[in-house]
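# what follows is a protein structure lacking sequence information:
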């Protein structure tokens, strides 16, 4: 068994933190938890569209160098 180094632990923690940030952004800005669908197909569609919306917002945030929350509040993604 290989020994765990500080660098390996740091990489794992950073990866986990990235997942937490992604989950928080999807939940808070894309309405993923507001699904009132009853069938699995409509639930899957809602989740897919929420994640697609997050991805589009992410691309705008990176290209315009803006805060994620500023884009979601502004809606259009244009600089104020």
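Nice, thanks for sending it over. Because the structure is a prediction, the values reported are computed rather than measured.
# quick one: the helices in this structure, in order.
Using DSSP state H, the helices assigned to the chain run over residues 6-30, 40-64, 68-74.
# now the last one: mean pLDDT?
In this model, helix 68-74 carries a mean pLDDT of 63.
# ok, now the second one?
Mean pLDDT, helix 40-64: 88.
# likewise for the first one?
Taken as a whole, helix 6-30 carries a mean pLDDT of 81.
# could I get the helices of the chain as CSV with mean neighbour count?
Quick note: C-beta positions are derived from backbone N, CA and C, even for glycine. Putting the helices of the chain into CSV (neighbours: other CB atoms under 10 Å) gives the following:
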stretch, mean neighbour count
helix 6-30, 12
helix 40-64, 14
helix 68-74, 15
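# now the spatially most central residue of the chain. Nearest residue, chain neighbours left out?
The centre of the chain sits closest to residue 22, judged by CA atoms, centre = their mean, with a distance of 3.2 Å. Of all residues not flanking residue 22 in the chain, residue 54 sits nearest, at 7.8 Å (CB to CB, 6 or more residues apart in numbering).
# my guess is the one you found contacts residue 26. True?
Yes: at 4.8 Å, residue 54 counts as touching residue 26 under the criterion of CB atoms under 8 Å.
# need the nearest residue in space to residue 47, chain neighbours excluded.
residue 32 (6.3 Å).
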